[in-house]
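K.L.:
need a 3D model of the following:
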Amino acid sequence: MGLSELKHAGYTLEDWSHKRWAYEAAGVPEYLLVDPDERLGVLLDLESERYQEAARIEWSGLVALLGGQITIKLD
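P.N.:
Take a look at the predicted model:
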């Protein structure tokens, strides 16, 4: 199971850091954070119990989650 999250007004770097740590600890294999203000998505993959940035997706780009089982278009 992967997880995606949409950044919203009032969302802080501290919020993201805390959630990222919690998702790592829970073993969530993929985490997609979408920032509509920056028009960017960041895909993280869990490797050796730590997230590694797998991709940066610009607006109108496609991101494949769960080995390509799910495709999301950012726009």
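K.L.:
where does pLDDT dip in this structure?
P.N.:
1-2, 6, 61-62, 64-70, 75 (pLDDT under 70).
K.L.:
ranges for the helices of it?
P.N.:
For the chain, the helices defined by DSSP state H cover 13-26.
K.L.:
residue furthest from the geometric center of it?
P.N.:
Distance to the chain centre peaks in the chain at residue 10, reaching 17.9 Å (criterion: C-alpha atoms, centre = their mean).
K.L.:
the spatially closest residue to residue 52 that is not a sequence neighbour pairs with what?
P.N.:
Nearest residue to residue 52 in three dimensions, chain neighbours excluded: residue 45, at 5.6 Å (C-beta to C-beta, 6 or more residues apart in numbering). (Each C-beta comes from the backbone N, C-alpha and C, glycine too.) Legend: beta-bridge partners of residue 45 under DSSP bridges are residue 30, residue 52.
K.L.:
going forward, begin numbering at 4 instead of 1
P.N.:
Sure, I'll start numbering at 4, so the last one becomes residue 48.
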